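Visitor: everything below, folded, please.
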Amino acid sequence: MGRRARGRGGGGRRAADEHRDDDTHLAGGGGLLAAVVVWVGLTLWQADRAEQDRVAALRAARADVLEPMQPTLQGTPSIRTLLAAEHALAPFRARGTETAAVTRWCLDPAAPAVHVLAGPSGVGKSRLALEVARQLADSPQVADTWVTGRCVSGQAAHVLPAVLACREPTLVVVDDADTEPGVASLVKQVGDQAQRGEVKVLLLVREAAVFERWLDAKLPDAQSGHLPSMTLAVVGGSGDRRRWFVEAARAYAAALGVPPPPVSDTDTRPVGADGDPMIVTQARAVLAALAGTRERADAIRTASIDRVAAGLIEHERQRWERAAGDPHWSLPQDLTAADREEALLALVLLAPATFTVAVGVLQRLPLFHNEAELFTNETERPVRHVVQWAHHLYPGPEEARVEPSPDFLRGALLAGLAQPAHAELANLLLSVLPEQDGLDRAAVLTRLIRAAALFATVAPLVGTIVHHQPELLPTAIESLVLTGPTARVVERHLVGAITADRFTADDVARLLTLLEPTPFTHLRAALQELAVQHAHEALDQDDTTEARARLAALLNNFGVSLWALGRYREALTADEEALRLYRDLAHQEPAHHTPDLAYSLNNLGLSLRELGRDREALTAVEEALRLYRDLAHQEPAH
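Guide: Okay, here's the model as predicted:
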């Protein structure tokens, strides 16, 4: 028994020892397992953190070139922020069909990656783009999360790599694409790099057909061609304008935190005039919200656009004065309100891109000529404080740029610069536009031409530039054509400056290509006259069939333009020379030039008829008809 008991006891100790050994092994194994779990978790956490950091870095890089479509409205609203499309304070009206169409294009992976949205200034292109962005973000029918943003000015050539790196469906909106130097590079990159549906680019321009020609000249042949486009026309009749005016005035008053404006839904008196773009109605609404009295609100309903601009500037002057009184800006006490206004207008016009260039702009003004002698400490110079004050009022994308928006407000300020009170300043600034980094002479011209689309008084300022700096004339013509017929008031200030010594043959050919689909007949005729001169010179140097055919075609087109302008005698001279050339060409190559001969005879007949030479006109038209009958008999399909 005892032995058995001892045996059991010994076995029990061995079992216990073995049990303890097992526990020790399990504990050791559990610790190792826990360590592995911790290591794996830490590794995964580090990888996740690294991925988050990588994505954050990519998105930060994208944010440098793609700004939010609807930035947060900060501080007390001003006219600038009230009218800005990106803040969307006035209700969006009358563009539902167009908005839906552009949204469908975004969501269609098979649709072209680039789309053009065209229309005159103030018609609502930027606001429609914002509404498309909202639909992409908010619609339950949109499965993927879309990123939408506006390309930062000057960054079009760099935006696509930053967007593609984030690997998210993205809509890139390029405002004023017809003035953006990198837009051709962007379109080319999209064609080369983007996958279907990965990124969509919406280009906002004034004139779709002209822009496409302008863009094609900058793209490789394989990528040139038709882009899908939509053109927004002015919408809304008299009743619509009244309703939109009241809605916007109430929205602006609410944003300003002022009492409801003295406007009524039942007031049937007119607001504005047919043809007013939406921005003009909204500018009236801003002034109505700020009016304070019914008399002032009533007066603004039908005030001229120039009077609306003057009203906006008057309210802006009050804001300038409030800011000038802030000791933070350290403006000199002897700097008058008129001095500050002229300094501000100079910066608005020239829009220098850096602080140093902005200081240089103001030092051209007599007020600051002797500043360096009076202030030895660079940081104490008043001109620096004026630049900072102006940039605070109208901050642009660069450190010192003064950039009012929307275009209507900038145009109103430039219309102020065009007033007689600022004639000396305007002449000083525009008689010499310096060529230097940070100051874009072509952009200055574009700024003025686009302002002239709504404010005709600005047009002579363009004339001042090309008078003193004729080498900028081709740039001015290109800018006008891209802006469109709303700026036609500028045309006469350019036509008179056109002379043969200011244009190369290539300049003339390029501009005539842009002008082809436009109503700028005076410009077209003036440039066609230069093209004829160049063709005559080329023929004198090398008398070939090709050179004669080119001269004949140019003469024919020149005659058509002269006829359209009512300059019938000059048209007849051009038609007669073209006809002589085409007779010889048709004799040498009948199959190729007989249609040209018939067309030339028809044009000659039209000019003769306008000059009262009916019998000769009939003879020319009858010959043209015989030629057309023969051609139709030979080639019925044509």
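Visitor: helices and strands of this protein: which one has the lowest mean pLDDT?
Guide: helix 371-374 (a mean of 50; mean pLDDT, DSSP states H and E).
Visitor: which stretches of the stretch 401-550 of the chain form helices?
Guide: With DSSP state H, counting those that start in this stretch, the ranges of helices along the stretch 401-550 of the chain come out as 407-417, 423-430, 441-452, 459-468, 473-483, 491-495, 505-515, 521-541, 545-564.
Visitor: can you lay out those as a markdown table showing mean neighbour count?
Guide: Placement of C-beta: from N, CA and C, glycine included. Below are the helices of the stretch 401-550 of the chain laid out as a markdown table (neighbours: other Cβ atoms under 10 Å):
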| stretch | mean neighbour count |
| --- | --- |
| helix 407-417 | 24 |
| helix 423-430 | 17 |
| helix 441-452 | 24 |
| helix 459-468 | 21 |
| helix 473-483 | 24 |
| helix 491-495 | 18 |
| helix 505-515 | 18 |
| helix 521-541 | 19 |
| helix 545-564 | 20 |
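Visitor: reformat these as TSV; add mean pLDDT and distance to residue 308.
Guide: Converted to TSV, the helices of the stretch 401-550 of the chain look like this (pLDDT from 0 to 100; distance: least, Cβ to Cβ, whole Å):
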stretch	mean pLDDT	distance to residue 308
helix 407-417	95	8
helix 423-430	95	21
helix 441-452	96	14
helix 459-468	96	18
helix 473-483	96	21
helix 491-495	96	24
helix 505-515	93	32
helix 521-541	96	29
helix 545-564	96	35
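Visitor: of the ones you listed, give the one that comes closest to residue 220.
Guide: Residue 220 sits nearest to helix 505-515 of all the helices of the stretch 401-550 of the chain, at 17.1 Å, using Cβ to Cβ.
Visitor: which elements pack onto that closest one?
Guide: Contact here means 3 or more Cβ pairs under 8 Å, 6 or more residues apart in numbering; DSSP states H and E; on that basis helix 505-515 packs against helix 208-216, helix 473-483, helix 521-541.
Visitor: ok, residue 312 - contacts?
Guide: 79, 283, 286, 287, 409, 412 (Cβ atoms under 8 Å, 6 or more residues apart in numbering).
Visitor: distance of the third one relative to residue 123?
Guide: Right, the one you point to is residue 286. According to Cβ to Cβ, to the nearest Å, residue 286 stands 18 Å off from residue 123.
Visitor: which of these two has more neighbours?
Guide: The neighbour comparison of residue 286 against residue 123 (other Cβ atoms under 10 Å) goes to residue 286, with 28 against 21.
Visitor: sorry, back to before: export the helices of the stretch 401-550 of the chain to CSV and tack on distance to residue 278?
Guide: As requested, those are exported to CSV (distance: least, Cβ to Cβ, whole Å):
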stretch, distance to residue 278
helix 407-417, 10
helix 423-430, 30
helix 441-452, 16
helix 459-468, 23
helix 473-483, 18
helix 491-495, 25
helix 505-515, 28
helix 521-541, 29
helix 545-564, 33
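Visitor: so which of those comes closest to residue 225?
Guide: Residue 225 sits nearest to helix 505-515 of all the helices of the stretch 401-550 of the chain, at 15.2 Å, using Cβ to Cβ.
Visitor: and the contacts of the closest one?
Guide: 210, 213-214, 217, 474, 477-478, 481-482, 503, 523-524, 527-528, 530-531, 534, 538.
Visitor: the lengthiest strand in the chain pairs with which strands, and in what direction?
Guide: If you go by DSSP state E, the chain has its longest strand at strand 199-205. Sheet pairing of strand 199-205 (DSSP bridges) gives strand 114-118 (parallel), strand 170-174 (parallel).
Visitor: grab the nearest non-local neighbour of residue 536.
Guide: Closest residue to residue 536 apart from its sequence neighbours, by Cβ to Cβ, 6 or more residues apart in numbering: residue 551 at 6.6 Å.
Visitor: where's that neighbour relative to residue 565, distance?
Guide: Distance of residue 551 to residue 565, given as Cβ to Cβ: 21 Å.
Visitor: just residue 136 next, same as before
Guide: Between residue 136 and residue 565 the computed distance is 48 Å (Cβ to Cβ).
Visitor: what about these two, which has more around it?
Guide: Between residue 136 and residue 565, counted using other Cβ under 10 Å, residue 136 has the larger neighbour count: 22 against 14.
Visitor: of the helices and strands packed on helix 505-515, which approaches residue 260 most closely?
Guide: So among the helices and strands packed on helix 505-515, helix 473-483 is nearest, using Cβ to Cβ, at 37.9 Å.
Visitor: what does the closest one rub up against?
Guide: 178-179, 205-207, 210-211, 214, 441-442, 445-446, 449-450, 453, 462, 465-466, 487, 490-491, 494, 497-498, 502-503, 507, 511, 514-515, 518, 520, 523, 527.
Visitor: chain center to it: distance?
Guide: Centroid displacement of helix 473-483 relative to its chain, using Cα atoms, centre = their mean, to the nearest Å, is 14 Å.
Visitor: what's the answer for stretch 200-216, then?
Guide: 10 Å.
Visitor: tell me the mean pLDDT for that stretch?
Guide: Averaged over stretch 200-216, pLDDT sits at 95.
Visitor: and it, end to end?
Guide: Using Cα to Cα, to the nearest Å, the end-to-end distance of stretch 200-216 comes to 19 Å.
Visitor: number the residues from 21 up from this point.
Guide: All set: I'll call the first residue 21, so the last point we hit is now stretch 220-236.
Visitor: residue ranges in the stretch 121-270 of the chain under the pLDDT threshold?
Guide: 159-163, 214-217, 242 (pLDDT under 70).
Visitor: helices along that one, start to end?
Guide: 145-158, 176-186, 203-213, 228-236, 258-276.
Visitor: how about TSV for the ones you listed, with distance to residue 89 added?
Guide: Output for these, formatted as TSV (distance: least, Cβ to Cβ, whole Å):
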stretch	distance to residue 89
helix 145-158	4
helix 176-186	14
helix 203-213	17
helix 228-236	22
helix 258-276	19
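Visitor: what's the closest of those to residue 87?
Guide: Each of the helices of the stretch 121-270 of the chain was scored for nearness to residue 87 using Cβ to Cβ, and the closest is helix 176-186 (10.4 Å).
Visitor: list the residues that contact the nearest residue to residue 166 once chain neighbours are set aside.
Guide: Nearest residue to residue 166, sequence neighbours excluded (Cβ to Cβ, 6+ apart): residue 156, at 4.0 Å. Counting by Cβ under 8 Å, 6+ apart, residue 156 makes contact with 123, 126, 127, 162, 166, 168, 191.
Visitor: got it, and residue 293?
Guide: Applying Cβ under 8 Å, 6+ apart, we find residue 293 in contact with residue 322.
Visitor: same question for it, what's its three-state structure.
Guide: Using DSSP: H, G, I helix; E, B strand; the rest coil, the secondary structure recorded for residue 293 is coil.
Visitor: quick one on the thing from earlier: out of the contacts of residue 156, who's the most crowded?
Guide: Going by other Cβ under 10 Å, residue 191 tops the contacts of residue 156 with 27 neighbours.
Visitor: that one pairs with what?
Guide: Judged by DSSP bridges, the bridge partners of residue 191 are residue 168, residue 220.
Visitor: list the contacts of it.
Guide: Taking Cβ under 8 Å, 6+ apart, one finds 126, 152, 153, 156, 166, 167, 168, 169, 219, 220, 221, 222 in contact with residue 191.
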